[in-house]
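A.B. asks: the amino acid sequence is not available; the structure is as follows:
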């Protein structure tokens, strides 16, 4: 004789969550997407959705793809305003706000700069003063005209361009996180090639541990950040730079002078938004330690870790 027992669905054993990571190339960079989900099937589906969201953003703001709204804005520089959707307009508006707050140290029109600096180790002497001055002739955020009523962007001068290489990946990381939170995913990381947005915790309840590299001590980290619902971005000169007469020149160029940033080797900012972390880190690289610290201290939700060109750590 067999005894059949009927169990209520409320007694089904809870599944142990899985952690799934996938690496993919998006926006010309390597992205690592990590999700804590109920099972691998669901995690893969949600990673696919995150990739779709990042690709959607890329198809709006890339200055390299000719069909995007930003490419159309650039193609009509000095000719006419271009109508863009609200998302593109708002991102551009925030970018110009970052320029104002940093007194021009951050500027999305730097993509129109002549490429007179090479950061592949081949430079042995400085460009001429004349070529440096000419290189920034089309760089000035004040010549980006925004019309909120008509949702248009107009670049005043022919030859001007705007691009989101500085904050675009951070924005994409924030949006990927936002989408997953709306989908009910309790935890994960969207790492947009160093612009990182995290939420929730690891399955063991511990926060996500993000190591900040020390470029002067390759085998050591400068600090391990323990993040739950936060973002982090690092700007630095330790991977792409030119060294001339013993001075290291960063690939991050001062939009006002045309000269690469010096003084700081690495700037890490962490706080709520990856986009804003990147705007701050880029600005501080250009401003330097003294003025950069004045800027970041205006935003108490954001913290910093600076490494100077002589290896000193400020945090």
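C.D. replies: It's in. Source: prediction; values computed, not measured. Residues are numbered from 1 along each chain as shown.
A.B. asks: give me the three-state assignment for residue 249.
C.D. replies: Under the three-state scheme (DSSP: H, G, I helix; E, B strand; the rest coil), residue 249 adopts strand.
A.B. asks: beta-bridge partners for it, please?
C.D. replies: residue 242 (DSSP bridges).
A.B. asks: so what's it up against?
C.D. replies: Going by C-beta atoms under 8 Å, 6 or more residues apart in numbering, residue 249 touches 117, 237, 241, 242, 243, 259, 260, 261, 262. C-beta here means a position set from N, CA and C on the backbone, and glycine is covered the same way.
A.B. asks: apply 6 Å and report the result again.
C.D. replies: Contact analysis of residue 249 by C-beta atoms under 6 Å, 6 or more residues apart in numbering lists 241, 242, 260.
A.B. asks: ok, now how distant is the closest residue to the last one other than its chain neighbours from residue 188?
C.D. replies: With C-beta to C-beta, 6 or more residues apart in numbering as the criterion, residue 260 has its nearest non-adjacent residue at 3.7 Å, and that residue is residue 249. When C-beta to C-beta, to the nearest Å is the yardstick, residue 249 and residue 188 sit 37 Å from each other.
A.B. asks: what of residue 30?
C.D. replies: Distance of residue 30 to residue 188, computed by C-beta to C-beta: 17 Å.
A.B. asks: between those two, which is the more surrounded one?
C.D. replies: Neighbours were counted for residue 30 and for residue 188 using other C-beta atoms under 10 Å; residue 188 has more, 26 against 13.
A.B. asks: how close does the more buried one get to residue 303?
C.D. replies: 22 Å.
A.B. asks: just residue 124 next, same as before
C.D. replies: Distance of residue 124 to residue 303, given as C-beta to C-beta: 39 Å.
A.B. asks: who's more crowded, the two?
C.D. replies: Remark: of residue 124 and residue 303, residue 303 carries more neighbours, 16 against 9, as counted by other C-beta under 10 Å.
A.B. asks: that one - nearest residue in space that isn't next to it in sequence?
C.D. replies: residue 270 (5.4 Å).
A.B. asks: what comes up buried for the least confident helix or strand in the chain by mean pLDDT?
C.D. replies: For the chain, counting by mean pLDDT, DSSP states H and E, strand 247-250 ranks last in confidence among helices and strands (a mean of 81). Within strand 247-250, the residues scored as buried using 16 or more other C-beta atoms under 10 Å are 248, 249, 250.
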